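Student: here is my input; please provide its structure:
(one chain, ligands or ions: 2)
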Amino acid sequence: MTLSVSGLNVERKGRVILAPTSLSIAPRARIGLVGASGSGKSTLGHALIDALRAQGVVVAHVPQSPDEALDPLRTMAFHWREAEKALCMGHNPARRKALFSALGIAYGNLTKRPWGWSRGMQQRFVIAMALIGAPALIVLDEPTSALDPVVAADTMDLLDNFLTGQDTAMVLVTHDLGLASRRVERLWVMSEGYLVEEATTEDILTRPTTEAAAKLAAHKSWLTVPC
Ligand SMILES: Nc1ncnc2c1ncn2[C@@H]1O[C@H](COP(=O)(O)OP(=O)(O)OP(=O)(O)O)[C@@H](O)[C@H]1O
Ligand SMILES: [Mg+2]
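Tutor: Ligands and ions are numbered 1, 2, ... in the order given. All right, here's what the predicted structure looks like:
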């Protein structure tokens, strides 16, 4: 089912930080939400999540840093159980095993606290947790920017592989056009709180029509960057 929201808008302290925006997302779509820092990407991501959840759609969110999702005083097993409970789902070791295996963390020790796992493993755990409820949409906000490039690429490969064959759509918030050019088929370009351009990744990177997209695309030949 195509997900649709209309009239999203956000004001903070009397300032419009997201102008009215309507979006639709097809099942299995892979969309990159790009734009300069402060352009409103995270604001739009959160507004989209809130609006879809209000419609009863299962939407998962992966923040930039696992620190935002994991409590340093709680074990990994505890986090997993809490995520299941939040989704009103019973404990299912087989589902956990499958998701751990898909995200390459089958060897992770669940009795440890987050700091007993590497950052890369923590972020894969957070992504696995986000997938527990078979969401219709997963929104990842700069999910690999705190990871080294090799671990970042491996993590995105594992997620790509897992999502292949699932109906889950993905919105990847990033300022990394190299990452976006490899992972998503469409881009939404933000500028100063406005969604100013929406097209295929290739069109935006090679034939941008707005100044904001042109600035992003002009920086490098993103389609040929080897990362
Ligand atoms: N709670 C808030 N109160 C006031 N202003 C805010 C709030 N949250 C965001 N803003 C402002 O809204 C604008 C958009 O912020 P947002 O975090 O969505 O940008 P972004 O594109 O995600 O940036 P980045 O790439 O740095 O993460 C910025 O000018 C920011 O300062
Ligand atoms: Mg942001």
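Student: so where's this protein shaky on pLDDT?
Tutor: 219-227 (pLDDT under 70).
Student: how about the residues of this protein near ligand 2?
Tutor: Neighbours of ligand 2 within the chain, by CB under 5 Å from the ion: Lys41, Ser42. C-beta here means a position set from N, CA and C on the backbone, and glycine is covered the same way.
Student: which single residue of the chain ends up nearest ligand 2?
Tutor: Ser42 (3.1 Å; CB to the ion).
Student: that residue contacts Val173, correct?
Tutor: Yes: taking CB atoms under 8 Å as the definition, Ser42 is a contact partner of Val173 at 6.4 Å.
Student: list residues touching both of those two?
Tutor: Common contacts of Ser42 and Val173 (CB atoms under 8 Å, 6 or more residues apart in numbering): Asp141.
Student: so those two - more neighbours on which side?
Tutor: Using other CB atoms under 10 Å, the more surrounded residue of Ser42 and Val173 is Val173, with 26 against 18.
Student: got phi/psi on the residue nearest the centre of the chain?
Tutor: Nearest residue to the geometric centre of the chain (CA atoms, centre = their mean): Leu140, 1.2 Å. Torsion angles at Leu140 (phi, psi; degrees, to the nearest 10) stand at phi -110, psi 120.
Student: and Pro93, by the same measure?
Tutor: Here Pro93 shows phi and psi, under degrees, to the nearest 10, equal to phi -60, psi -30.
Student: so who does it touch?
Tutor: With the criterion set at CB under 8 Å, 6+ apart, Pro93 makes contact with nothing.
Student: with Glu84 as the reference, measure out to it.
Tutor: Pro93 sits 11 Å away from Glu84, going by CB to CB, to the nearest Å.
Student: now do the shared contacts for the two.
Tutor: By CB under 8 Å, 6+ apart, no residue touches both Pro93 and Glu84.
Student: hang on, the residue nearest to the centre of the chain packs against Ile127?
Tutor: Yes: using CB under 8 Å, Leu140 is in contact with Ile127, at 7.5 Å.
Student: common neighbours of those two, please.
Tutor: Val62, Leu159.
Student: re earlier: neighbours of the residue lying closest to the residue nearest to the centre of the chain once chain neighbours are set aside, how many?
Tutor: The shortest distance from Leu140 to any non-neighbouring residue, by CB to CB, 6 or more residues apart in numbering, is to Val62 (4.3 Å). When counting by other CB under 10 Å, one arrives at 24 neighbours for Val62.
Student: and for Met89?
Tutor: Quick note: Met89 (other CB under 10 Å) scores 13 neighbours.
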